[in-house]
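S.K.: Sequence first, predicted model second:
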Amino acid sequence: MQLQLALDLVNIPEAKELVKEVEEYVDIVEIGTPVIINEGLRAVKEIKEAFPHLTVLADLKIMDAAAYEVMKASEAGADIITILGVAEDMSIKGAVEEARKQGKKILVDMIGVKNLEERAKEVDEFGVDYICVHTGYDLQAVGKDSLEELHTIKRVVKNAKTAIAGGIKLDTLPEVIKAKPDLIVVGGGITGQKDKRAAAAEMKKMIQQGE
Ligand SMILES: O=C([C@H](O)CO)[C@H](O)[C@H](O)COP(=O)(O)O
């Protein structure tokens, strides 16, 4: 199980400070969609240059023009790029093909997918690297989480790695760990804490103990 730090509500200098604080405990650093909207792919480039040893994920949540956007994120230094599960099959296949050319990986974000079981099976056949269930900020605000959905993809996904994102905190992490996803994405559960390093260290310890 790997731990991904999601950076969403920061600018580039703040992102660098944050990564410096917790890098020892995280496996992947996500440059979140809001950061890319604010700063562009320059954020991916600067973080990869500052931390070349870390795996960097660009959370583009691609919906269209997939091959082109995967190419651009790859050029900026992203190791993993996200596309939406609700995108067209052609787009997801195009993203995978371009990622293979570039030596990168594709994570499919299943946010908003209505028939999760059916779509996860389909997307899994396209050769994607990760399938991620995700409760976005707007549904987190009304108390939703993705634990049930994680159990669903764990059951039906045969090839890709499984991942979960959305509102995971220290107190909800044990239930997530029990379901054994390959990747656990945490944003506010680390970045919103006073002692971010301690939160990341504790999460990493819990994940390692759960393996
Ligand atoms: O993808 C995300 C969200 O859509 C905003 O871009 C977050 O990175 C993801 O939800 C993880 O962050 P937390 O929910 O704060 O853990």
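M.R.: Arrived safely.
S.K.: Assign Glu30 to one of the three secondary structure states.
M.R.: strand (DSSP: H, G, I helix; E, B strand; the rest coil).
S.K.: Against the ligand, how distant is it?
M.R.: Glu30 is 6 Å from the ligand, where distance means CB to the nearest ligand atom, to the nearest Å. C-beta coordinates here come from the backbone N, C-alpha and C atoms, glycine included.
S.K.: what's across from that residue in the sheet?
M.R.: For Glu30, the beta-bridge partners are Ala6, Leu57 (DSSP bridges).
S.K.: looking at this structure, which helix or strand is least sure?
M.R.: Lowest by mean pLDDT, DSSP states H and E among the helices and strands of the chain is helix 137-140, with a mean of 94.
S.K.: Tyr200 and Val10: what is the separation?
M.R.: One correction, residue 200 is Ala, not Tyr. Taking CB to CB, to the nearest Å as the measure, Ala200 falls 15 Å from Val10.
S.K.: Over to Val108?
M.R.: Taken as CB to CB, the span from Val108 to Val10 is 25 Å.
S.K.: Checking my notes, Ala15 in a helix, right?
M.R.: Yes. The assignment for Ala15 by three-state DSSP puts it in a helix.
S.K.: Apart from its chain neighbours, what residue comes closest to it?
M.R.: Nearest residue to Ala15 in three dimensions, chain neighbours excluded: Leu7, at 4.8 Å (CB to CB, 6 or more residues apart in numbering).
S.K.: Can you report how many residues lie near that neighbour?
M.R.: Close neighbours of Leu7, defined as other CB atoms under 10 Å, add up to 25.
S.K.: One more: the one 10 residues further on?
M.R.: Using other CB under 10 Å, Glu17 has 11 neighbouring residues.
S.K.: Before we move on, what's the pLDDT of whichever residue of the chain sits closest to the ligand?
M.R.: Closest to the ligand within the chain is Gly187: 2.6 Å, counting by CB to the nearest ligand atom. Gly187 carries a pLDDT score of 98 in this model.
S.K.: That one against Ala6, yeah?
M.R.: Yes. Counting by CB atoms under 8 Å, Gly187 does reach Ala6; the two are 3.5 Å apart.
S.K.: what residues do the two have in common as contacts?
M.R.: 30, 32, 165 (CB atoms under 8 Å, 6 or more residues apart in numbering).
S.K.: need the contact list for the first one.
M.R.: Translated: Glu30. Glu30 neighbours (CB under 8 Å, 6+ apart): 4-7, 56-57, 59, 185, 187.
S.K.: residues of the helix or strand harbouring Met203 that come out buried?
M.R.: For Met203, the enclosing helix or strand under DSSP states H and E is helix 196-209. Residues 196-197, 199-200, 202-204, 206-207 are the ones in helix 196-209 that count as buried (16 or more other CB atoms under 10 Å).
S.K.: tell me which element Gln4 falls in.
M.R.: Here Gln4 is assigned to strand 2-7, by DSSP H and E.
S.K.: so that strand versus helix 196-209, what angle?
M.R.: 160 degrees (axes from the mean of the first three to the mean of the last three CA atoms, to 10 degrees).
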